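Trainee: Test case, fold it:
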Amino acid sequence: MPMMYGFSEQRRQMLDAEARRFAEEAYGYGALRACVVGDFAAGDVGPDTELELMIVQETDEPFRRRADFWVAHIRPRVGTRFLVYTPEEFEAVEDEDAMLLEAARLGEVLIG
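Mentor: Numbers count the residues shown, from 1 in each chain. Model (predicted):
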């Protein structure tokens, strides 16, 4: 099987462009805060790396349905995972949740 060189850099550029696009549009859709988290935030990019976004917004939707809003409105151009918290949820677990602690340490703040 042939090996592709430079794909990680191309993927990194694609994820970065999508994160910038999200940052430009998300506030208008109600994002109060947003950070890039996960592998991309940690600088670990491979062919399957997704853009993982932690978002804080006011919503009455159950946790498992909140990403649907962002998929429908932002229409991601690369694999994207949305982790959406209400302000109250975020405040309650901000200092305890491992992912949120990682986001605070490594994540790139897009909004807020």
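
Trainee: low-scoring stretches of this protein, by residue?
Mentor: For the chain, the stretches with pLDDT under 70 are 1-6, 99, 101, 103-105.

Trainee: can you give me the strands in it?
Mentor: For the chain, the strands defined by DSSP state E cover 31-37, 51-57, 80-85, 108-111.

Trainee: Turn these into TSV, columns for distance to residue 70.
Mentor: In this view, the C-beta of every residue, glycine as well, is placed from N, C-alpha and C. Formatted as TSV, the strands of the chain follow (distance: least, C-beta to C-beta, whole Å):
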stretch	distance to residue 70
strand 31-37	9
strand 51-57	7
strand 80-85	4
strand 108-111	13
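
Trainee: Could you find the residue nearest the spatial middle of this protein?
Mentor: The C-alpha lying nearest the average C-alpha coordinate of the chain belongs to residue 53 (C-alpha atoms, centre = their mean; 1.1 Å).
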